[in-house]
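Asks: Provided below for reference: sequence and predicted model.
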Amino acid sequence: MSLRLDTDKDTGVAVVTLDRPEKLNAIDLATAAELSAAWRGLRFDDAVRAVVLTGTGGRAFSTGLDRDAVVPQPSSPYSQDDPLIAIGPKTNDLWKPVIAAVAGMACGGAFYLLGEADFVIADETAAFFDPHTSYGMVSAYESVLMAQRMPYGEVARMVLMGNAERVSARRAYEVGLVSEVTEPGQALAAAVRCATVIAGYPAEGVQGSVRALWAAKEAARERGYGQAPYLIALGNLPDDRQAELFGNRPRTTPPRIR
């Protein structure tokens, strides 16, 4: 198992933990399936009234899709199998509040999860970036989700600068991606504190509020998602060229932190 689910029946808080520290919590196909199953299972657990999502190891919340995952694609540009499309709580019809606790790197496919969290708490080690363009890939779904959480110019810069820049926890707080910055190692505790407060409120009102908030974003997200497969089919380099860029591109300077 590459996912842990810990539930405190006394507080009504569940903690979902990505548990592949040796892979920087990258999401392979098995982990994707486990995430979807966890969210759908939590819908039926009435003892859980709020959820915290985090990653283990401290080096990364998640670095997105595992590069070793093999995802066959149909030849038609009108169809695409995205292995991460169904890893978020809202996509799985979970309307209990989800708070993300981020330490270390959060990049690329991690935004499928952060984009469907209700708010994000990060510690000072957190760094957000989107490497797609560096590897000849279109950032389609990730950019749509982040455009609903950050000002357009900030998302555009993060997407277009690729591996060259990382957004610090402090900058993420300034632009609204993160709601609180903690000392190193304290994001999970802060998220659990918030979740415990929320879990103490009547569940019907909380879940209705989550659903109403998401409805305000849903239409724009669906329009963006609708064009994503075509943009990816047109703009992505072939797999062998992506792999060449990923494996053979030496880093001459460390990424700039802003």
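Replies: Perfect, I can see it now. Numbers count the residues shown, from 1 in each chain.

Asks: All the helices of the stretch 151-258 of the chain, residue numbers only.
Replies: For the stretch 151-258 of the chain, applying DSSP state H, counting those that start in this stretch gives helices covering 152-161, 169-175, 187-199, 203-235, 239-248.

Asks: Would you mind measuring from residue 12 to residue 150?
Replies: As for residue 12, its distance to residue 150 is 30 Å (criterion: Cβ to Cβ, to the nearest Å). (Glycine included, C-beta is placed from N, CA and C.)

Asks: Then residue 133?
Replies: Counting by Cβ to Cβ, the gap between residue 133 and residue 150 amounts to 17 Å.

Asks: Kindly report the same for residue 229.
Replies: 23 Å.

Asks: swap in residue 68?
Replies: When Cβ to Cβ is applied, the distance between residue 68 and residue 150 equals 30 Å.

Asks: Those two - which one has more neighbours?
Replies: More crowded of residue 68 and residue 150, by other Cβ atoms under 10 Å: residue 150, with 20 against 9.

Asks: contacting residues for that one?
Replies: Applying Cβ atoms under 8 Å, 6 or more residues apart in numbering to residue 150 gives the contacts 158, 175-177.

Asks: try 10 Å this time
Replies: Going by Cβ atoms under 10 Å, 6 or more residues apart in numbering, residue 150 touches 128, 156-158, 167, 172, 175-178.

Asks: what does residue 156 give?
Replies: 143, 146-147, 150.

Asks: Number of residues surrounding the nearest residue to residue 211 once chain neighbours are set aside?
Replies: Excluding the flanking residues, the one nearest residue 211 by Cβ to Cβ, 6 or more residues apart in numbering is residue 95, at 4.9 Å. One way to gauge burial is a neighbour count; for residue 95, by other Cβ under 10 Å, it gives 19.

Asks: For residue 95, give its distance to residue 42.
Replies: In this structure, residue 95 and residue 42 are separated by 10 Å, where distance is defined by Cβ to Cβ.

Asks: any residues in contact with both of these two?
Replies: residue 89.

Asks: Could you list the low-pLDDT ranges of the protein?
Replies: Within the chain, the stretches with pLDDT under 70 are 72-73, 77, 230, 236, 246, 248-252.

Asks: show me where it has strands.
Replies: 3-8, 13-18, 50-55, 60-62, 98-102, 105-107, 119-123, 127-129, 165-168, 180-182, 256-257 (DSSP state E).

Asks: And the closest residue in space to residue 91 that isn't next to it in sequence, its phi and psi?
Replies: Counting by Cβ to Cβ, 6+ apart, the nearest residue to residue 91 once its immediate chain neighbours are dropped is residue 116, at 6.6 Å. Residue 116 has phi and psi values of phi -110, psi 0 when expressed as degrees, to the nearest 10.

Asks: how near is residue 116 to residue 228?
Replies: Between residue 116 and residue 228 the computed distance is 16 Å (Cβ to Cβ).

Asks: Those two - which one has more neighbours?
Replies: Using other Cβ under 10 Å, the more surrounded residue of residue 116 and residue 228 is residue 116, with 22 against 19.
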